[in-house]
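1. Give me a model of this one.
(one chain, ligands or ions: 1)
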Amino acid sequence: MLDSSGNEVTLFRSKLANGRWGFVMVPTDSGANSCVSGAAVTCTATESVKVLNGDGTVIDLSTVDPQVPTIDIHAGRSPARVVPRAWSTGRMRRPPGSGEDPQDEPARARRSTIMEYQQLAFDRRSTRGYLDRPVPRPLIDEIIEVAAQAPSSMNTQPWHVHVVIGEVLDRIRTGNTEQMMATGRPNREIRGHANYEGVHRERQKHVAAQLFEAAGIPWDDKAKRMDWTMRGFRQFDAPVSVIGCIDRNLEDSTEAYFDLGQFVYGMVLAAWDRGVGCVINGQGILQSPVVREHAQIPDDQLIVITVAMGFPDGTFAANAVVSHRRSVVEIATYRGFDD
Ligand SMILES: Cc1cc2nc3c(=O)[nH]c(=O)nc-3n(C[C@H](O)[C@H](O)[C@H](O)COP(=O)(O)O)c2cc1C
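-> Below is the predicted model of the structure:
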């Protein structure tokens with residue numbers, strides 16, 4: 001997206017300090033994660049902020065009703081959203097058959113600023129090494145808002161998230177680790193499984209081997225493997241942890257866990273789309289009473305999962321691991337088709 005002076009910017013819609021909806025506009029520099037590296041310019045909807053929409057039209061944000069929590073900045077079927085330039089070059093593939101006039105500037109801008117869903121799904125990886133850089137709250141707000149568009153059983157939306165950073169997160173890391181070391185046993189609020197077996201164990205071992213190899217951990221080096229496990233207890237030293245809960249009165253509803261899972265995947269994709277990495281993990285809530293105490297989670301919510309979040313450390317080799325996926329042939333069974 002371009003601002004009225006023609007500079008490339010990222011626009012986040014977010015709740016401003018005064019409680020009204022407004023916009024945070026961030027200059028997009030070159031380089032990874034550039035969408036958040038520039039100084040944020042906060043614009044209330046009373047200021048005249050013009051943005052060039054992907055279809056070439058100009059939208060004056062001052063004309064947008066600040067009470068309306070949604071604004072449609074769309075170009076055709078494609079949302080006018082900017083992703084870090086490093087992500088939109090090289091790894092971006094032009095969708096087959098999307099022929100376009102090279103002189104058509106708006107179309108080119110649109111293509112270069114949109115990460116197609118398929119590309120996003122294929123590109124995303126779990127992030128287990130993070131930069132020591134805070135994630136701006138408006139950005140987290142936006143990520144959660146995207147996730148909240150997930151479908152849910154009967155639209156019950158049984159999810160809650162608790163976003164923790166700083167000292168609160170540090171106390172959780174310490175308590176989770178200390179309790180695990182002292183007891184050697186998880187104390188989670190949800191039913192877990194025993195050790196995986198058969199194909200599940202094989203897949204678990206495969207990805208673990210990939211991660212250990214990338215991290216330079218020999219399979220038989222117990223001390224280094226322990227270090228790795230402890231990193232998990234510490235939420236991989238991420239700057240943010242998002243604890244995912246469901247309403248406790250739906251504890252027996254399998255659908256509620258399914259619903260939260262969809263929410264969480266939506267959150268992880270929305271984060272990745274904005275240059276923010278995540279790893280969904282159970283390790284960070286193995287001692288759930290500790291998490292409940294420090295995050296002050298109300299009793300009527302059940303702690304199910306957590307998501308470590310932050311800007312990926314490009315030098316952390318395990319972040320580059322691409323885990324294996326089963327093929328469609330292995331996954332899908334078709335009946336009643338002619339072929
Ligand atoms: C419910 C759930 C729990 C997970 N728990 C952990 C965990 O405790 N520690 C960890 O390192 N990764 C954890 N993961 C991440 C998976 O290992 C990862 O998604 C999987 O290996 C596929 O890799 P990818 O996310 O890079 O595609 C978890 C993922 C899910 C969905």
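2. Who are the packing partners of the helix ranked longest in the chain?
-> Longest helix of the chain, by residue count under DSSP state H: helix 254-273. The contact analysis (3 or more C-beta pairs under 8 Å, 6 or more residues apart in numbering; DSSP states H and E) places helix 254-273 against helix 117-123, helix 137-147, strand 159-164, strand 240-247, strand 277-281, strand 301-310. Where C-beta positions appear, they are placed from N, C-alpha and C, glycine not excepted.
3. Report the mean confidence score over stretch 211-228.
-> Stretch 211-228 shows a mean pLDDT of 96.
4. So Ala208, which state does it fall into?
-> helix (DSSP: H, G, I helix; E, B strand; the rest coil).
5. Counting by contacts, list what the helix or strand where Arg203 lies packs against.
-> Element membership for Arg203 (DSSP states H and E) is helix 198-215. Here helix 198-215 touches helix 222-233, going by 3+ C-beta pairs under 8 Å, 6+ apart.
6. So what touches the helix it packs on?
-> Helix 222-233 is contacted by residues 128, 173, 176-177, 180, 211-212, 215, 217-218, 237, 281, 283-284, 286 when judged by C-beta atoms under 8 Å, 6 or more residues apart in numbering.
7. Turn the helices and strands packed on helix 254-273 into JSON lines, columns for mean neighbour count.
-> As requested, the helices and strands packed on helix 254-273 are exported to JSON lines (neighbours: other C-beta atoms under 10 Å):
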{"stretch": "helix 117-123", "mean neighbour count": "13"}
{"stretch": "helix 137-147", "mean neighbour count": "20"}
{"stretch": "strand 159-164", "mean neighbour count": "21"}
{"stretch": "strand 240-247", "mean neighbour count": "24"}
{"stretch": "strand 277-281", "mean neighbour count": "23"}
{"stretch": "strand 301-310", "mean neighbour count": "24"}
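8. looking at the ones you listed, which is closest to the ligand?
-> Smallest distance to the ligand across these (C-beta to the nearest ligand atom): 3.5 Å, for strand 277-281.
9. strands paired with the closest one, and their directions?
-> strand 301-310 (antiparallel) (DSSP bridges).
10. List the buried residues of the following helix or strand past the strand it pairs with.
-> Later in the chain than strand 301-310, the nearest helix or strand by DSSP H and E is helix 328-331. Judged by neighbour count (16 or more other C-beta atoms under 10 Å), helix 328-331 contains no buried residues.
11. Quick check: mean pLDDT of helix 328-331?
-> For helix 328-331, mean pLDDT rounds to 95.
12. tell me the phi and psi of the residue in the stretch 51-200 of the chain that the ligand sits nearest to?
-> Nearest to the ligand in the stretch 51-200 of the chain, going by C-beta to the nearest ligand atom, is Ser126, at a distance of 3.5 Å. Phi and psi for Ser126, reported as degrees, to the nearest 10, are phi -70, psi 140.
13. For it, give me its contacts.
-> Applying C-beta under 8 Å, 6+ apart to Ser126 gives the contacts 277-280, 321, 323.
14. Roughly how far does it sit from Arg231?
-> 13 Å (C-beta to C-beta, to the nearest Å).
15. I'd guessed Arg124 sits against Met267; true?
-> No. In this structure Arg124 lies outside contact range of Met267 using C-beta atoms under 8 Å: 11.5 Å.
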